[in-house]
Each structure stands twice: as C-alpha cells, then as structure tokens.
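**Q** Using only what follows, build the 3D model:
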Amino acid sequence: MPEQTEPPSPRTPLGPAATAHPAPRRRVDAVLFDFHGTLAQVEDPVSWVLAAAAACGVTLERPRATVLADRLVTAGRAGGPLPARVPPRLAEVWGDRDLYPDAHRAAYTGLAATVDAGVAGLADALYDRLLRPEGWVPYADTADTLRALRAAGVPVALVSNIGFDIRPLFAAWGIAELIDAYALSYEVGRCKPDPAIFLRACGMLGVDPERTLMVGDTPADAGAVHAGCATLVLPAAEPGRANGLAAVLDLAEVTRA
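**A** Okay, the predicted model is just below:
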C-alpha cells in the first residue's frame, strides 16, 4: 500500500497560495461625520419653495410651487444636485462657495435668481431657509447613533464642505452636546477631499488618523483614506428615514442601546 501523503498545497499563478486569515479589524478611537447626506438632508423641494414664498408674504398654490421647485433644483440648490450649468458671471463665487460665506450666499442666490419665479425677494428667502433648522431633516438614526458613540466614550467631529455655520442647527435639534468638534471648510480653508481637512478634524479631537473612521456619502468623503483614516460611504437616504448609521456602531464596536 502506498504511503499516505499530505494533499498538495493550493497554488496561484504566482506560486503557493497564502493561507486565508481574516484581516485584523482596525481599532476605531474616533468618528468623523459628513453633514449633508450623512446626518441630515434638506427638506423636500416643494416645502422649501412654499416656506420661502410665505416668508416673502406670498402664498403659492402647490402646483405652481412644484413647477418652481423643479426649476430651482435644476438651476442649483444648496444641498441638492450640482447645477448642469453655472453662468459665467457666477463662476468665481461658485468656485469659492465652500471657502467664504459671502461667496456661498452669492452663488446660490445667484443661481436661484436665474429662475423667473415672480416673487420679489424669493432667492434670498430660499437661501435663508437653508440657514434655519426647519430647512433640514435629521435622519431617523442620527441622534441615537451619536448618543451611542458618546456613551461609549468615542469622540465625534463634523467634517463638511459648507459656507455657513451648522452649529445652530445641531443646537436646535438638541444634539449639539454630542458633537465634540467641527471642521467646516469655510473655517479651515480646505475642502474635502483635501487630506488637510480630515487631519485638522483629527487634531481637534486629539486622535490618530489611523484609528479614526470617516463616514460620508460621496467620493470627496472617501478622500479621508489619504489622511490615513478608514472610510465608510453610505448612500444618502430620503429625508426623515434611517441612513444605515448603525454600521458605524458595528465598526466602532459600540453596543447599541
């Protein structure tokens, strides 16, 4: 009887296959969150237009508001899809919109003004709605996720390309105490995906980027990998729904309440 031998080792085109071992899980000491599309979403476009018109003293019929909303979103709405075309006269402020508050306002009121709405002052009222907590809807799992991280002692920072202060929004929603730091592009002078803005956020928290998780919804958020952070990209959900943020707690090994 022939001697028994060990089965041959599996091979790859480059030689013997390496034994499969699970990759070690990276430790998460802190979490960075994007704002829009990750923790909150702008209100639906028709409600946005109706509220802005009301602030101008005009009551719009819903069918007219719906048509205007479609045209305004196409022209370019902060928190909405990027405009298909930016008029040359707005090119400079558009390029600087996330670095200077005045440029941010000028860019979006300028885009809104390209739509003939027939309501005096509507472009400014639409922008002012963006600055109010009523103009945004936090995702259904935002507060619970932030509270779980706080209870576990995991610090949190907001990293956002934005031209205005979002701190008052979190205060109005009653969750400001759950955010430890804000790295906002217009304050930092850098925009995602520049690694500098992620490194600044880590510095604010006093944490190692290699032990930090960045959570967002766009390729710009994924730029955090160049700063050494792990990255989780979640598709943005509709306003008011859960946005899959429970995955953050799993990655940070935080027990859910």
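
**Q** Spell out the residue ranges of the strands in this protein.
**A** Taking DSSP state E, the strands of the chain run over residues 11-12, 15-16, 30-33, 40-42, 136-138, 156-160, 181-184, 212-216, 230-233.

**Q** Output those strands as CSV; include the columns distance to residue 194.
**A** Placement of C-beta: from N, CA and C, glycine included. Listed next are the strands of the chain as CSV, based on distance: least, C-beta to C-beta, whole Å:
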stretch, distance to residue 194
strand 11-12, 38
strand 15-16, 41
strand 30-33, 14
strand 40-42, 23
strand 136-138, 25
strand 156-160, 11
strand 181-184, 11
strand 212-216, 13
strand 230-233, 15
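
**Q** Lowest mean pLDDT across those strands, which one is that?
**A** Lowest mean pLDDT within the strands of the chain: strand 11-12, a mean of 40.

**Q** ok so, going back, okay, the strands of the chain in CSV with distance to residue 90 and mean neighbour count next?
**A** Supplementary listing: the strands of the chain in CSV, determined by distance: least, C-beta to C-beta, whole Å; neighbours: other C-beta atoms under 10 Å:
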stretch, distance to residue 90, mean neighbour count
strand 11-12, 55, 8
strand 15-16, 58, 9
strand 30-33, 30, 27
strand 40-42, 20, 22
strand 136-138, 24, 20
strand 156-160, 22, 24
strand 181-184, 22, 20
strand 212-216, 26, 26
strand 230-233, 30, 18
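
**Q** out of those, nearest to residue 124?
**A** Of all the strands of the chain, it is strand 40-42 that lies closest to residue 124, at 17.0 Å by C-beta to C-beta.

**Q** which helices and strands sit right next to that closest one?
**A** In this structure, strand 40-42 makes packing contacts with strand 136-138, judged by 3 or more C-beta pairs under 8 Å, 6 or more residues apart in numbering; DSSP states H and E.

**Q** Return the list of helices and strands in contact with the strand it packs on.
**A** In this structure, strand 136-138 packs against strand 40-42, with contacts taken as 3+ C-beta pairs under 8 Å, 6+ apart.
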